[in-house]
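Engineer: Mind looking at a prediction? Sequence and model below.
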Amino acid sequence: MIIAPSLLAANFGCFAKEAARVDRSGADWLHLDIMDGHFVENISFGPKVVQTLRPLVKIFFDVHLMCSRPEILLEPFARAGADQIDVHVELGEQVTPLLWKIKSLGKRAGLAINPPTAVSMVQPFLDQIDSLLVMTVNPGFGGQQFIHEALPKIQQAVDWRRQRGLSYNIGVDGGIDFKTAPECARVGADAFISGTTLFGQRNMKAAVSKLRRITAAYDPSLSDPAI
Ligand code: DX5
Ligand code: ZN
(Lines give C-alpha, C1' and ligand atoms only; values in the text may rest on other atoms or scores of the structure.)
(Ligands and ions follow the chains in the order given, each with its own letter.)
Protein backbone atom coordinates (compact mmCIF):
# COMPACT_ATOMS: atom_id res chain seq x y z
CA MET A 1 0.00 0.00 0.00
CA ILE A 2 1.14 3.54 -0.72
CA ILE A 3 0.73 6.16 1.99
CA ALA A 4 0.96 9.76 0.78
CA PRO A 5 0.68 12.73 3.15
CA SER A 6 -0.63 15.83 1.37
CA LEU A 7 1.45 18.98 1.90
CA LEU A 8 -1.72 21.08 1.60
CA ALA A 9 -2.33 20.34 5.30
CA ALA A 10 1.18 21.38 6.34
CA ASN A 11 2.14 24.62 8.05
CA PHE A 12 2.72 26.86 4.99
CA GLY A 13 5.23 28.87 6.98
CA CYS A 14 7.69 25.99 7.16
CA PHE A 15 7.39 23.72 4.14
CA ALA A 16 11.00 22.49 4.40
CA LYS A 17 10.51 21.31 7.96
CA GLU A 18 7.15 19.75 7.11
CA ALA A 19 8.55 17.92 4.06
CA ALA A 20 11.37 16.57 6.23
CA ARG A 21 8.79 15.36 8.72
CA VAL A 22 7.03 13.44 5.92
CA ASP A 23 10.36 12.03 4.72
CA ARG A 24 11.10 10.69 8.22
CA SER A 25 7.60 9.29 8.70
CA GLY A 26 8.12 6.25 6.47
CA ALA A 27 5.47 7.45 3.99
CA ASP A 28 5.87 6.43 0.33
CA TRP A 29 4.90 9.60 -1.54
CA LEU A 30 4.61 13.29 -0.75
CA HIS A 31 1.41 14.51 -2.43
CA LEU A 32 1.68 18.08 -3.73
CA ASP A 33 -1.64 19.79 -4.52
CA ILE A 34 -1.34 22.48 -7.18
CA MET A 35 -4.39 24.77 -7.40
CA ASP A 36 -4.74 27.63 -9.88
CA GLY A 37 -7.77 29.55 -8.59
CA HIS A 38 -9.64 28.64 -11.79
CA PHE A 39 -10.04 24.87 -12.09
CA VAL A 40 -10.69 25.02 -8.33
CA GLU A 41 -11.52 27.95 -6.07
CA ASN A 42 -8.22 28.05 -4.26
CA ILE A 43 -4.56 28.78 -4.93
CA SER A 44 -1.81 26.71 -3.31
CA PHE A 45 1.79 26.90 -4.52
CA GLY A 46 3.86 26.48 -7.67
CA PRO A 47 6.94 24.79 -9.12
CA LYS A 48 9.33 26.99 -7.15
CA VAL A 49 8.18 25.39 -3.91
CA VAL A 50 8.61 21.90 -5.36
CA GLN A 51 12.05 22.78 -6.71
CA THR A 52 13.08 24.15 -3.32
CA LEU A 53 11.96 21.01 -1.48
CA ARG A 54 13.41 18.52 -3.98
CA PRO A 55 17.02 18.46 -2.77
CA LEU A 56 15.97 18.43 0.88
CA VAL A 57 14.14 15.08 0.90
CA LYS A 58 14.33 11.71 -0.87
CA ILE A 59 10.64 10.87 -0.97
CA PHE A 60 8.72 10.35 -4.26
CA PHE A 61 6.91 13.54 -5.36
CA ASP A 62 3.32 13.08 -6.58
CA VAL A 63 2.16 16.37 -8.15
CA HIS A 64 -1.63 16.70 -8.44
CA LEU A 65 -2.51 19.45 -10.92
CA MET A 66 -5.93 20.98 -10.26
CA CYS A 67 -5.36 23.50 -13.03
CA SER A 68 -7.24 24.58 -16.15
CA ARG A 69 -4.10 24.83 -18.30
CA PRO A 70 -1.81 22.01 -17.14
CA GLU A 71 -0.03 22.01 -20.50
CA ILE A 72 1.94 25.12 -19.44
CA LEU A 73 2.90 23.51 -16.12
CA LEU A 74 4.14 20.04 -17.10
CA GLU A 75 7.69 21.05 -17.99
CA PRO A 76 8.12 23.39 -14.99
CA PHE A 77 6.96 20.70 -12.55
CA ALA A 78 8.98 17.97 -14.29
CA ARG A 79 12.09 20.17 -14.02
CA ALA A 80 11.24 21.02 -10.42
CA GLY A 81 11.46 17.33 -9.49
CA ALA A 82 8.05 15.71 -9.82
CA ASP A 83 8.14 11.90 -10.05
CA GLN A 84 4.48 11.61 -11.00
CA ILE A 85 2.12 14.22 -12.43
CA ASP A 86 -1.66 13.80 -12.16
CA VAL A 87 -4.02 15.66 -14.49
CA HIS A 88 -7.82 15.69 -14.42
CA VAL A 89 -10.02 13.70 -16.78
CA GLU A 90 -12.47 16.64 -16.77
CA LEU A 91 -10.09 18.37 -19.23
CA GLY A 92 -11.59 16.21 -21.98
CA GLU A 93 -9.80 16.03 -25.29
CA GLN A 94 -6.61 17.49 -23.81
CA VAL A 95 -6.09 14.39 -21.69
CA THR A 96 -4.31 12.14 -24.21
CA PRO A 97 -1.70 14.76 -25.23
CA LEU A 98 -1.17 15.67 -21.58
CA LEU A 99 -0.53 12.05 -20.58
CA TRP A 100 1.75 11.61 -23.57
CA LYS A 101 3.70 14.74 -22.62
CA ILE A 102 4.10 13.61 -19.01
CA LYS A 103 5.51 10.25 -20.20
CA SER A 104 7.80 11.98 -22.68
CA LEU A 105 9.22 14.00 -19.78
CA GLY A 106 10.13 10.67 -18.15
CA LYS A 107 7.54 10.93 -15.38
CA ARG A 108 4.77 8.62 -14.21
CA ALA A 109 1.38 9.75 -15.51
CA GLY A 110 -1.65 9.97 -13.25
CA LEU A 111 -5.28 10.68 -14.05
CA ALA A 112 -7.66 12.17 -11.45
CA ILE A 113 -11.45 12.04 -11.51
CA ASN A 114 -13.81 14.31 -9.56
CA PRO A 115 -16.79 12.98 -7.58
CA PRO A 116 -19.50 14.18 -10.02
CA THR A 117 -17.72 12.77 -13.10
CA ALA A 118 -18.85 9.38 -14.43
CA VAL A 119 -16.18 6.70 -14.04
CA SER A 120 -16.66 5.71 -17.70
CA MET A 121 -14.77 8.93 -18.58
CA VAL A 122 -11.45 7.38 -17.53
CA GLN A 123 -11.94 4.16 -19.47
CA PRO A 124 -10.30 5.30 -22.74
CA PHE A 125 -7.11 6.32 -20.90
CA LEU A 126 -6.48 3.34 -18.65
CA ASP A 127 -3.71 1.84 -20.78
CA GLN A 128 -1.89 5.21 -20.79
CA ILE A 129 -1.68 5.75 -17.04
CA ASP A 130 0.42 4.64 -14.10
CA SER A 131 -2.03 5.85 -11.49
CA LEU A 132 -5.74 6.60 -11.21
CA LEU A 133 -6.68 9.14 -8.54
CA VAL A 134 -10.27 8.80 -7.40
CA MET A 135 -11.26 12.06 -5.72
CA THR A 136 -13.26 11.37 -2.59
CA VAL A 137 -14.02 15.08 -2.03
CA ASN A 138 -14.66 17.90 -4.49
CA PRO A 139 -11.14 19.27 -4.94
CA GLY A 140 -10.07 22.68 -3.75
CA PHE A 141 -9.66 22.42 -0.01
CA GLY A 142 -8.31 20.07 2.63
CA GLY A 143 -10.31 18.92 5.61
CA GLN A 144 -13.54 18.05 3.79
CA GLN A 145 -15.93 15.18 4.42
CA PHE A 146 -15.30 11.92 2.55
CA ILE A 147 -17.86 11.25 -0.20
CA HIS A 148 -18.94 7.59 0.04
CA GLU A 149 -20.52 7.65 -3.43
CA ALA A 150 -16.98 7.45 -4.88
CA LEU A 151 -16.46 3.89 -3.59
CA PRO A 152 -18.07 2.08 -6.59
CA LYS A 153 -15.60 3.88 -8.88
CA ILE A 154 -12.75 2.14 -7.09
CA GLN A 155 -14.43 -1.22 -7.58
CA GLN A 156 -14.94 -0.50 -11.28
CA ALA A 157 -11.30 0.57 -11.68
CA VAL A 158 -10.19 -2.69 -10.05
CA ASP A 159 -12.39 -4.73 -12.43
CA TRP A 160 -11.09 -2.91 -15.53
CA ARG A 161 -7.51 -3.31 -14.35
CA ARG A 162 -7.93 -7.07 -13.97
CA GLN A 163 -9.89 -7.52 -17.22
CA ARG A 164 -7.32 -5.59 -19.23
CA GLY A 165 -4.21 -6.92 -17.50
CA LEU A 166 -3.08 -3.42 -16.45
CA SER A 167 -1.19 -2.38 -13.34
CA TYR A 168 -2.05 1.24 -12.53
CA ASN A 169 -2.30 2.24 -8.88
CA ILE A 170 -5.73 3.22 -7.59
CA GLY A 171 -5.42 6.18 -5.23
CA VAL A 172 -8.00 7.95 -3.10
CA ASP A 173 -7.77 11.63 -2.23
CA GLY A 174 -9.88 13.63 0.21
CA GLY A 175 -11.26 12.93 3.66
CA ILE A 176 -9.00 9.89 4.13
CA ASP A 177 -8.72 8.99 7.81
CA PHE A 178 -8.46 5.85 9.93
CA LYS A 179 -12.10 5.02 9.25
CA THR A 180 -12.43 5.85 5.55
CA ALA A 181 -9.05 4.41 4.43
CA PRO A 182 -10.04 0.80 5.27
CA GLU A 183 -13.36 1.33 3.47
CA CYS A 184 -11.42 2.29 0.34
CA ALA A 185 -8.88 -0.52 0.80
CA ARG A 186 -11.67 -3.07 1.12
CA VAL A 187 -12.91 -2.25 -2.39
CA GLY A 188 -9.41 -2.17 -3.87
CA ALA A 189 -7.69 1.21 -3.38
CA ASP A 190 -3.91 0.89 -2.94
CA ALA A 191 -2.72 4.51 -2.54
CA PHE A 192 -4.00 6.69 0.28
CA ILE A 193 -3.59 10.46 0.09
CA SER A 194 -4.18 12.04 3.46
CA GLY A 195 -3.61 15.63 4.55
CA THR A 196 -5.54 16.72 7.63
CA THR A 197 -5.37 13.33 9.35
CA LEU A 198 -1.63 12.72 8.96
CA PHE A 199 -0.45 16.31 9.52
CA GLY A 200 -2.81 16.62 12.47
CA GLN A 201 -0.91 13.99 14.46
CA ARG A 202 1.95 14.94 16.72
CA ASN A 203 3.67 11.69 15.71
CA MET A 204 3.30 11.39 11.92
CA LYS A 205 5.43 8.25 11.81
CA ALA A 206 3.00 6.43 14.11
CA ALA A 207 0.05 7.71 12.07
CA VAL A 208 1.60 6.52 8.79
CA SER A 209 2.29 3.10 10.34
CA LYS A 210 -1.28 2.90 11.61
CA LEU A 211 -2.72 3.81 8.19
CA ARG A 212 -0.44 1.21 6.61
CA ARG A 213 -1.43 -1.46 9.12
CA ILE A 214 -5.18 -0.94 8.87
CA THR A 215 -5.17 -0.91 5.06
CA ALA A 216 -2.65 -3.76 4.62
CA ALA A 217 -5.29 -6.15 5.88
CA TYR A 218 -6.94 -5.76 2.45
CA ASP A 219 -3.78 -5.81 0.33
CA PRO A 220 -4.27 -8.52 -2.33
CA SER A 221 -0.52 -8.71 -2.89
CA LEU A 222 -0.02 -10.09 0.63
CA SER A 223 -0.17 -13.87 0.55
CA ASP A 224 -1.44 -14.16 4.10
CA PRO A 225 -3.97 -11.38 4.59
CA ALA A 226 -4.89 -10.65 8.17
CA ILE A 227 -8.59 -10.93 7.41
C1 DX5 B 1 -8.18 18.22 -2.27
C2 DX5 B 1 -6.74 17.78 -2.43
C3 DX5 B 1 -6.33 16.77 -1.42
C4 DX5 B 1 -6.31 17.29 -0.02
C5 DX5 B 1 -6.68 16.18 0.90
O6 DX5 B 1 -8.45 19.24 -3.16
O7 DX5 B 1 -6.54 17.23 -3.71
O8 DX5 B 1 -5.08 16.18 -1.75
O9 DX5 B 1 -5.07 17.79 0.37
O10 DX5 B 1 -6.76 16.70 2.17
P11 DX5 B 1 -7.56 16.02 3.36
O12 DX5 B 1 -6.88 14.72 3.67
O13 DX5 B 1 -7.45 17.03 4.43
O14 DX5 B 1 -8.98 15.79 2.88
ZN1 ZN C 1 -4.69 16.03 -4.13
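Structural biologist: Nice, thanks for sending it over. Ligands and ions are numbered 1, 2, ... in the order given.
Engineer: Below-threshold pLDDT in the protein: ranges please.
Structural biologist: 223-227 (pLDDT under 70).
Engineer: all helices of it, in order?
Structural biologist: Under the criterion DSSP state H, the chain contains helices at 15-24, 47-53, 74-80, 95-104, 151-163, 180-186, 196-199, 204-216.
Engineer: Mind checking the ones you listed for the one nearest to ligand 2?
Structural biologist: Within the helices of the chain, the stretch nearest ligand 2 is helix 196-199; the backing value is 12.1 Å (C-beta to the ion). The C-beta positions use only the backbone N, C-alpha and C, and glycine is treated the same way.
Engineer: Would you mind listing the residues in contact with the nearest residue to P97 once chain neighbours are set aside?
Structural biologist: Leaving out its chain neighbours, the residue that sits closest to P97 by C-beta to C-beta, 6 or more residues apart in numbering is E71, at 7.6 Å. For E71, the contact set (C-beta atoms under 8 Å, 6 or more residues apart in numbering) comprises Q94, P97, L98, K101.
Engineer: same thing but at 10 Å, please
Structural biologist: V87, L91, Q94, P97, L98, K101 (C-beta atoms under 10 Å, 6 or more residues apart in numbering).
Engineer: For N114, see how far away it is.
Structural biologist: In this structure, E71 and N114 are 19 Å apart, going by C-beta to C-beta, to the nearest Å.
Engineer: what do you get for G46?
Structural biologist: The gap separating G46 from N114 is 22 Å, by C-beta to C-beta.
Engineer: These two: who's more crowded?
Structural biologist: N114 (21 against 15; other C-beta atoms under 10 Å).
Engineer: Run a quick check on that one versus M66, I expect a contact.
Structural biologist: Yes: the criterion here is C-beta atoms under 10 Å, and N114 meets it with M66 at 9.3 Å.
Engineer: Dump the helices of the chain into a markdown table; add distance to P124 and mean neighbour count as well.
Structural biologist: Formatted as a markdown table, the helices of the chain follow (distance: least, C-beta to C-beta, whole Å; neighbours: other C-beta atoms under 10 Å):
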| stretch | distance to P124 | mean neighbour count |
| --- | --- | --- |
| helix 15-24 | 34 | 17 |
| helix 47-53 | 29 | 18 |
| helix 74-80 | 20 | 17 |
| helix 95-104 | 8 | 17 |
| helix 151-163 | 11 | 17 |
| helix 180-186 | 24 | 21 |
| helix 196-199 | 33 | 22 |
| helix 204-216 | 29 | 18 |
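Engineer: Arrange those in a markdown table, one row each, with distance to I34 as further columns.
Structural biologist: What follows is those, written out as a markdown table (distance: least, C-beta to C-beta, whole Å):
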| stretch | distance to I34 |
| --- | --- |
| helix 15-24 | 14 |
| helix 47-53 | 8 |
| helix 74-80 | 7 |
| helix 95-104 | 14 |
| helix 151-163 | 23 |
| helix 180-186 | 23 |
| helix 196-199 | 18 |
| helix 204-216 | 22 |
